[in-house]
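Peer 1: just to be clear, the model below is a prediction. Sequence and coordinates:
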There are 2 protein chains.
Amino acid sequence: MVATIIDVAKKCGYSKATVSRAFASPEAVSERAKARIYAAANELNYTPNPIARAMARQKTDNITFVIHENQYPAILNPFYSSALEAIMQETMKRNYGLFVTTNDHVRLPSGEVSIKKHMDGVIIAGQTDRSSIESFCKQNIPVVVLNNLIQMEHLPCIAVDNYHGAKCAAEHLIQKGHRRIALLEGRFSPQIYHDRHNGYMDAIVSAGLTVDPLLIRDVDANELCAETCAREMLSCPERPTALLCTNDTIAVGAMKAAMRMGLRIPEDVAVIGFDDSYVSRVIEPELTTVRIDSLQMGKLAVEMLFRLIDGEELSKWYIEMPTELIVRGTT
Amino acid sequence: MVATIIDVAKKCGYSKATVSRAFASPEAVSERAKARIYAAANELNYTPNPIARAMARQKTDNITFVIHENQYPAILNPFYSSALEAIMQETMKRNYGLFVTTNDHVRLPSGEVSIKKHMDGVIIAGQTDRSSIESFCKQNIPVVVLNNLIQMEHLPCIAVDNYHGAKCAAEHLIQKGHRRIALLEGRFSPQIYHDRHNGYMDAIVSAGLTVDPLLIRDVDANELCAETCAREMLSCPERPTALLCTNDTIAVGAMKAAMRMGLRIPEDVAVIGFDDSYVSRVIEPELTTVRIDSLQMGKLAVEMLFRLIDGEELSKWYIEMPTELIVRGTT
């Protein structure tokens, strides 16, 4: 027989409400009462039943982090891992549970409705589709979009000033005297891709340099593809003297290509990444990169979500995270 | 008004049981019935209520990953992130939710009982204490311990053959002709620390080499401490020609020290790590290391846990993961 709150109340002589409070809001109960209640609970092997509590409140005390299949794995993804870490920590502080799942996985077999597990709110990371968001909204489940801007009324989005970041990175290389600056572009979601591309283009054109289409290449954002691409470019007679990479993983692959060809970094070829993820400080020389504070981004997303869950107003529906050039050893 | 399963049944003309099955086990319902049920559900904006379902079954369909505060942050921890990724993926396949939390956080205010969120099972990673485990057991919550061996009856543990891994690493360096091999030991939980230490010692003694206490140093397992320690050792007149590091993060710090002192790796100094975490393939030259298949370790842990949740027997209560030397560019 599992002990109930009534058994505990009977045993210690306090009311059901006081016993309940001793677990849910211990600061509201005297030390003396708590001591007796906990002793009775331990003797009866009682713990509060969160299922019954959820049933009574029709709240789950869970939120969900949804990431697109293409950005999988979530935890081992150098960019999203920091945001997820911040989200997890804030969620725990509030005694909420966190589900981590993919876009596909929140769909019911009916295909139309988008929820397999009940949740009080959702953070969608990066790539997504409008129908998923609409389905959550229809069910009155608050949604915050992280690292993407979706034009929809009352949809909070946190995106990144990618244009400015890429432009600063290219300008830094131009200031260092580089004239042949290659762009290795990861195949990211359209907005991120285009903003970083345009930042590079505008810096090149503003400096009066010629845009050489041979120096602009799309790559899959993994080390191997980046290494292959960089090796090809660096083997050309008129090779680039600098490689601007649209994330740090691409930059690490590009650095490996250069080092394995016997080129010195930054003397023979300079490299810049994007994100300032942990890999930028593992590689030696450490990577010059464009910093996005993804921990802060995760923290802001979960704070916005909890405000919505609590029925509060948001002062802003759109936040653009700044970017900052971090100069290290590769430029 | 939120639509209930009764409303959907009434609208589509199927029984409550069939509607329920169409969501919980769609393969058991005909395509024709499903089409009508989903259409009715969408029209009424109905989704199944998992809280009511949990109440009826007294199951939460959640498991919890508990990690010690000392090993925090969990997601950004190079070793545990792989295990956690595997656990997350297996948990999702079964439509379970996953909580990630620390040791401290699962304690109730009463201090004695160990659960804030209801869960069907728990995976405890690395460092832990017996009282937490006993508290879960008292509540009939199955526990699996990952990367630690706790002697307790019917407590499934998955640990690592650390002794063998460290011994092989030292033997590899000896075979390469090294005679002054330093040991940089991370301050891990006692069992892991001692097993790796003893593996090194036995290899040195078996080879007839002298154990030099000046070559054995405890370090905090972060890059900066490792770099400082390696720099000190490499600055001595009788410097070591090889550094055996008890995890990859320490090895990366040691490599940075060597490279920044102008030493060539592996010609002037060889370096070996432990874990084969992602950092070992980011650094260049890539790191020779002792591989632990932490993805597989996570997968085994969650499989054992689900067997226990399903009330099945385990064929083994203790699994020792093998280790394997992976020779790359640093030796």
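Peer 2: Perfect, thanks for sending it.

Peer 1: ok, which stretches of chain A are strands?
Peer 2: A:62-67, A:97-102, A:121-125, A:143-146, A:157-160, A:181-186, A:216-219, A:242-245, A:270-275, A:288-291, A:318-321, A:324-326 (DSSP state E).

Peer 1: the ones you listed: which one's closest to chain B?
Peer 2: Set against chain B and scored by CB to the nearest CB, the strands of chain A come closest in strand A:97-102, at 4.6 Å. The way it works is simple: take the backbone N, C-alpha and C, and place the C-beta from them, glycine included.

Peer 1: pairing partners for that closest one, with directions?
Peer 2: For strand A:97-102, the paired strands and their directions (DSSP bridges) read strand A:62-67 (parallel).

Peer 1: where does chain A have its least confident helix or strand?
Peer 2: helix A:50-57 (a mean of 62; mean pLDDT, DSSP states H and E).

Peer 1: if I pick the residue of the stretch 151-300 of chain A found nearest chain B, what's in contact with it?
Peer 2: Nearest to chain B, among the residues of the stretch 151-300 of chain A, is A:Val282, at 4.4 Å (CB to the nearest CB). For A:Val282, the contacting residues are B:252, B:279, B:282-283, by CB atoms under 8 Å, 6 or more residues apart in numbering or on different chains.

Peer 1: tell me the most packed of the residues you listed, by neighbour count.
Peer 2: B:Val252 (28 neighbours; other CB atoms under 10 Å in any protein chain shown).

Peer 1: and A:Val219, how close does it get to B:Glu313?
Peer 2: Per CB to CB, to the nearest Å, A:Val219 is found 50 Å from B:Glu313.

Peer 1: who has more neighbours out of those two?
Peer 2: Higher neighbour count among A:Val219 and B:Glu313: A:Val219, with 23 against 6, using other CB under 10 Å.

Peer 1: quick one: the more buried one and A:Glu227, what's the gap?
Peer 2: Taken as CB to CB, the span from A:Val219 to A:Glu227 is 10 Å.

Peer 1: next one: A:Ile150
Peer 2: A:Ile150 is 34 Å from A:Glu227, by CB to CB.

Peer 1: ok, these two, which is more surrounded?
Peer 2: A:Glu227 (20 against 15).

Peer 1: let me see the contact set for the more buried one.
Peer 2: A:253-254, A:256-257, A:260.

Peer 1: just checking, which of these belong to helices?
Peer 2: Applying DSSP state H to the contacts of A:Glu227, the entries found in helices are A:253-254, A:256-257, A:260.

Peer 1: near chain B, which of those residues show up?
Peer 2: Among those, the residues that sit close to chain B (CB under 8 Å from any CB of the partner chain) are A:256, A:260.

Peer 1: what residues go with each domain of chain A?
Peer 2: Chain A is divided into the following domains under automatic domain parsing: A:5-57, A:62-160+A:295-321, A:162-292.

Peer 1: so what's the gap between the second one and the chain middle?
Peer 2: When C-alpha coordinates are averaged (CA atoms, centre = their mean, to the nearest Å), domain A:62-160+A:295-321 and its chain have centres 10 Å apart.
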